[in-house]
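**Q** kindly generate the corresponding structure for this input.
(chains A, B, C, D, E and F)
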4 protein chains.
Amino acid sequence: MAKAESNKQKKKEALYNTAFELFTTKGIHKTTISDIVQKAGVAKGTFYLYFADKYDISNKLVAKKTSSLFTNAVTAVNQTDIENFQDKFIFIIDHIIDELTRNKALLTFISKNLGWGVFKSALENRIITEDVKFYDMYLNLLEEDDYEYEEPEIMLFTIIELVGSSAYSCILSNEPVSIEEYKPYLYRTIRIILESHKIP
Amino acid sequence: MAKAESNKQKKKEALYNTAFELFTTKGIHKTTISDIVQKAGVAKGTFYLYFADKYDISNKLVAKKTSSLFTNAVTAVNQTDIENFQDKFIFIIDHIIDELTRNKALLTFISKNLGWGVFKSALENRIITEDVKFYDMYLNLLEEDDYEYEEPEIMLFTIIELVGSSAYSCILSNEPVSIEEYKPYLYRTIRIILESHKIP
Amino acid sequence: MAKAESNKQKKKEALYNTAFELFTTKGIHKTTISDIVQKAGVAKGTFYLYFADKYDISNKLVAKKTSSLFTNAVTAVNQTDIENFQDKFIFIIDHIIDELTRNKALLTFISKNLGWGVFKSALENRIITEDVKFYDMYLNLLEEDDYEYEEPEIMLFTIIELVGSSAYSCILSNEPVSIEEYKPYLYRTIRIILESHKIP
Amino acid sequence: MAKAESNKQKKKEALYNTAFELFTTKGIHKTTISDIVQKAGVAKGTFYLYFADKYDISNKLVAKKTSSLFTNAVTAVNQTDIENFQDKFIFIIDHIIDELTRNKALLTFISKNLGWGVFKSALENRIITEDVKFYDMYLNLLEEDDYEYEEPEIMLFTIIELVGSSAYSCILSNEPVSIEEYKPYLYRTIRIILESHKIP
DNA sequence: TATGAATGAGGGTTCATTCAT
DNA sequence: CATGAATGAACCCTCATTCAT
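**A** Numbering: from 1, shown residues only, chains lettered A, B, ... in the order given. Predicted coordinates:
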């Protein structure tokens, strides 16, 4: 029956939300399953109906959150009339950085997971039910551009690692400068990296 | 008495070594204090004579290991007759990457701690008893160069974050390519970042 | 409606069969009700429609299995033309031992329950719907014999305990010898016990 | 230091005694580790200092108790001036039965473990620090006798299984008769079993 | 009848920390 | 200084049982 099914989803969602909140405030290791279920208002056993353990729900959360981060950015860029490849690319990066700046808990949580590993799996698997394949989209954008680029994967890797790592520091600790102050340098660096991969 | 003192140091050193070995093999959270003291051959109580808890010894280990990583690189570059700033800079990066490639456990351990936070404290405090101040040295090198650079701190930050993050992925998982394959691209990118900060 | 009734019986039978299989493979204490219902393909609640708990179904299974063990043996002896009391008695014992040898899981399950307690209740109640009363049959056989025996109950008790206990060890662990090797000694011992109870 | 050592043994002994008491009153499965440590007056962790789990302490208890059961019987027979093999044998059986009759909890606990498995290991290993090897002693007694016996191991096995199994029923449930009533029949049966193994 | 999601008490186990020796 | 037995709070996880559908 639909009622039971929706109730089921409601509990699962409550567990997701509570776990995310606790993981981002207390940290994963200091968060206990008892904490989660108590705050979510369900019984302990219910947790184990849906998740194997604390790390299971954590991994699923990272996947969910990262997926929507990228999906939102792509959706946004498609609603603009930006034509140029480099501009689109910078727009997506900027969109993600802004979302992480507004949502520091999210940044802390997926933190350095926003590295190549997660990105790679995001571009190969359709996370959850999202249907955007980022890497495909990235390659399409490249092809549409007037220029050719050598080693597109290495180029993307270099930029993703640079952005992920530096944004973490600037957003969370304003070190060495705030993210707003850093952005001009970051985007300039990204552009010259892109340029350096152009095949003349 | 010197003998007692050395015996004391021996136990402390045994704890450091064992903790490092266990942290890098089992991970910090799965390593217990019982594990450490048992493998180190000292009593449980002895651990608490030297360290407050597991995280205390872990932090001290990160500082120790990171410090010698940089010290070794600087010592090595000073034994060469490289004159040029950019070449010295690349040499230091290369030296650190090679050491981390040989010692993957060390890389895993200090892993993403090799970000700006640790680096910053390394350039402001003399870690342990090491007397090289990296940032001072970096500024000196810059001044000796024929060119002037805008925002030296942001420039350094950008490069350190890029190197730390990408080396982690290439060395530990060969993704997207091995570190040896990646080096040419990495060093080319570093050079253009340096160039882009040059004041004409 | 007959169909509903048979469906009901089918579920109950599925629970019996699955429980027996799990009890004999994993042991009673490591078998959970979840295990049983899952493997039987019925819902958790359904279990409680037919049985009070795990021990209820276990007891009913022991009774069922023991009952058919004896019933089969008696049916078999009646199909032979053995006339003599002692020979009939040995035949029944032998038949039971052979069935337990072929079906070690059954032996493990009813194991030492095949002692006087279960036997006694088997001879006083008609287990389930079986209509053979073993003790009555035993007494009838005795009366038909040419000799009289003192204390028939103690005699039967002694033999049942000896057989149950020694067969368990020989069949399941071949200790101190296999059941086939032990049989000659066992049957010789049974015969002299019978002889020793004869009233001259 | 001796003080700490004796304190250690005191806690271990308290755990043994409490566990035995609870196992024999509530049964093993209904006894929890919490029950044991609470009644023994030690902390939960202390239990795990000495035993792996509930079944570990249970097995060690069975071994301890069974060992002293046999040791006591042998000690007692050696203090008599009984010469004859069969009489010594019956005396030992009788001594054990009497001890189990006085200590029904012990009988329940080691219950059907008093079968060949335990007995066999008792005759091959010196349980704990007891130095009587029952099987050796049994063989010695046999040799001292005026007669020779075929298959001494099977003979012993037959008797041990018969005694263990029937005594359990008679002592604990007086079924089919009390142990005192049963003894004459039991000992008569034992004697004819012994006789039947004599080589003429 | 039949279901199976939800429950939550309570089990086993771990381990950082203490302190008498 | 060094020890390591003892502690016990706190954790994870199980699973028999219920009850709304």
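**Q** backbone phi and psi for A:Lys198, please?
**A** Here is the backbone geometry of A:Lys198 (degrees, to the nearest 10): phi -70, psi 140.
**Q** can you pull up the bridge partners for it?
**A** With DSSP bridges applied, A:Lys198 shows beta-bridge pairing to A:Tyr149.
**Q** what about it, distance to DNA strand E?
**A** 53 Å (Cβ to the nearest atom of the strand, to the nearest Å). For glycine as for every other residue, the C-beta is placed from the backbone atoms N, C-alpha and C.
**Q** pull the number of nearby residues for that residue.
**A** By other Cβ atoms under 10 Å in any protein chain shown, the residues close to A:Lys198 number 13.
**Q** roughly how far apart are it and B:Ala63?
**A** When distance is defined by Cβ to Cβ, to the nearest Å, A:Lys198 is 42 Å away from B:Ala63.
**Q** mind picking out the helix or strand in chain A with the poorest mean pLDDT?
**A** Lowest by mean pLDDT, DSSP states H and E among the helices and strands of chain A is helix A:116-124, with a mean of 64.
**Q** pull whatever helix or strand comes next after that one out as CSV, backbone CA atoms only.
**A** Proceeding N to C from helix A:116-124, the next assigned helix or strand is helix A:134-144, under DSSP states H and E. This file holds the C-alpha atoms of helix A:134-144, laid out as CSV (Å, rounded to 0.1, in the frame of the first residue of the first chain):
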residue,chain,number,x,y,z
PHE,A,134,29.6,14.7,-16.4
TYR,A,135,32.5,13.3,-18.3
ASP,A,136,30.4,12.8,-21.4
MET,A,137,29.2,16.3,-21.1
TYR,A,138,32.7,17.6,-20.6
LEU,A,139,33.9,15.8,-23.7
ASN,A,140,31.0,17.2,-25.7
LEU,A,141,31.8,20.7,-24.6
LEU,A,142,35.4,20.2,-25.6
GLU,A,143,34.4,19.0,-29.1
GLU,A,144,32.1,21.9,-29.6
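**Q** looking at A:Thr129 now. What's its pLDDT?
**A** At A:Thr129, the pLDDT value in this model is 49.
**Q** three-state assignment of the residue lying closest to A:Gly41 once chain neighbours are set aside?
**A** Excluding its sequence neighbours, the residue lying closest to A:Gly41 (Cβ to Cβ, 6 or more residues apart in numbering or on different chains) is A:Ala14, at 6.7 Å. Following DSSP: H, G, I helix; E, B strand; the rest coil, A:Ala14 is assigned to helix.
**Q** wait, A:Lys88 touches A:Val77, no?
**A** Yes: look at A:Lys88 against A:Val77 with Cβ atoms under 8 Å: they come within range, at 5.5 Å.
**Q** domains of chain A?
**A** Structurally, chain A divides into domains by automatic domain parsing as follows: A:1-51, A:58-199.
**Q** please identify the deepest-packed of these.
**A** domain A:58-199 (a mean of 17; mean count of other Cβ atoms under 10 Å in any protein chain shown).
**Q** need the domains of chain A in TSV with distance to D:Ile92, can you?
**A** Shown next, in TSV, are the domains of chain A (distance: least, Cβ to Cβ, whole Å):
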stretch	distance to D:Ile92
domain A:1-51	54
domain A:58-199	64
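**Q** so for B:Gly41, which of those sits nearest?
**A** The closest of these to B:Gly41 is domain A:1-51. By Cβ to Cβ, the value is 28.4 Å.
**Q** which residues touch the residue nearest to A:Gly41?
**A** Residues near A:Ala14 by Cβ atoms under 8 Å, 6 or more residues apart in numbering or on different chains: A:Ala40, A:Gly41, A:Val42.
**Q** restricted to helices, list the residues you listed.
**A** Counting by DSSP state H, the contacts of A:Ala14 place A:Ala40 in helices.
**Q** near DNA strand E too, which of the contacts of A:Ala14?
**A** Contacts with DNA strand E within the contacts of A:Ala14, counted by Cβ under 7 Å from any atom of the strand: A:Val42.
**Q** of the contacts of A:Ala14, just say which sits nearest to A:Tyr138.
**A** Closest approach to A:Tyr138 among the contacts of A:Ala14 (Cβ to Cβ): A:Ala40, at 37.6 Å.
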